[in-house]
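**Q** Structure for this input, please:
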Amino acid sequence: MNAAFEEKARFNMIEQQIRPWDVLDPSTLELLENIPREAFVPESHRTLAYADIGIPLAHDQVMMHPIVEARMLQALGLDKSDNVLEIGTGSGYVTSMLAAASSHVTSVDIFPDFISEAGQRLEKHNIKNVTLECGDASQGWNSHDTFDAIVITGSVPSLPERYANLLNRGGRIFAIIGEPPVMHATLLRLTEDGNLISEPLFETELPALINATKPSLFVF
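**A** Got it, this is the predicted structure:
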């Protein structure tokens with residue numbers, strides 16, 4: 001796939017998929033325009049980098065549809081001062097956009113090969129404000145840091161409480177919550193008085209986060 005084809009495919013994705021789904025935030029559109037999705041897609045699916053599909057990865061994982069990635073970024077409204085935790089590095093594409101929009105990203109994946117390959121892609125594109133960690137974060141993540149935003153790139157039947165414990169006041173979590181056939185992309189925000197407010201965004205489906213179980217629940 002040559003550069004002109006990739007540029008045209010990226011333009012079409014934004015104009016025909018992203019904007020019609022009410023993603024109009026200029027900073028989000030700029031991220032989608034500037035970061036080459038094809039560079040983070042397995043070579044066997046590179047021609048489909050901008051298609052409205054969940055591109056398969058190893059270990060029965062998938063990249064989220066571009067429209068879901070776009071709605072996620074718009075909902076989070078990241079700031080250049082934000083410290084971000086990503087659960088599920090995958091190909092590193094979402095990681096790269098989070099990094100471009102924030103101060104620092106800590107990205108965790110259970111699969112060492114995902115971490116290794118994503119690290120190579122990020123380095124190739126001179127993305128340096130990312131720390132990659134390998135481990136099981138299905139029930140939360142042991143960290144001395146707290147975060148302004150947490151992104152969970154696999155679905156969870158319900159949200160483990162430990163994620164919210166990592167949030168700064170005013171922080172937000174993007175998660176796809178539920179089980180097939182009913183899952184909702186959800187934005188959760190921690191208020192200044194410590195309450196977690198939930199806002200359902202849209203229905204979608206995504207493979208479950210590895211080892212995700214039903215822990216003690218928040219009541220929304």
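**Q** Helix or strand next in line after the longest helix along the chain, which one?
**A** Ranked by number of residues, the top helix in the chain under DSSP state H is helix 112-124. Next in sequence after helix 112-124, counting helices and strands by DSSP states H and E, comes strand 130-134.
**Q** now the helices for the chain?
**A** Using DSSP H, the helices of the chain run over residues 3-12, 26-34, 66-76, 93-101, 112-124, 161-164.
**Q** Asn142: which of those is closest?
**A** Comparing the helices of the chain by their distance to Asn142 (CB to CB), the top pick is helix 161-164, with 8.9 Å. The way it works is simple: take the backbone N, C-alpha and C, and place the C-beta from them, glycine included.
**Q** Could you list the buried residues of the closest one?
**A** Residues 163-164 are the ones in helix 161-164 that count as buried (16 or more other CB atoms under 10 Å).
**Q** Run through the neighbouring helices and strands of that helix.
**A** Judged by 3 or more CB pairs under 8 Å, 6 or more residues apart in numbering; DSSP states H and E, the packing partners of helix 161-164 are strand 167-179.
**Q** how about the strand it packs on as PDB, C-alpha atoms only?
**A** Output for strand 167-179, consisting of C-alpha atoms alone and laid out as PDB, is shown next (Å, rounded to 0.1, in the frame of the first residue of the first chain):
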ATOM      1  CA  LEU A 167      -7.900   7.800  39.600                       C
ATOM      2  CA  ASN A 168      -7.200  11.400  40.600                       C
ATOM      3  CA  ARG A 169     -10.100  13.600  41.400                       C
ATOM      4  CA  GLY A 170     -11.700  14.700  38.100                       C
ATOM      5  CA  GLY A 171     -10.200  11.600  36.500                       C
ATOM      6  CA  ARG A 172     -12.100   9.500  34.000                       C
ATOM      7  CA  ILE A 173     -12.200   5.900  32.900                       C
ATOM      8  CA  PHE A 174     -13.200   4.600  29.500                       C
ATOM      9  CA  ALA A 175     -14.400   1.000  29.600                       C
ATOM     10  CA  ILE A 176     -16.700  -1.300  27.600                       C
ATOM     11  CA  ILE A 177     -18.800  -2.900  30.200                       C
ATOM     12  CA  GLY A 178     -21.200  -5.900  29.900                       C
ATOM     13  CA  GLU A 179     -21.400  -9.300  28.300                       C
END
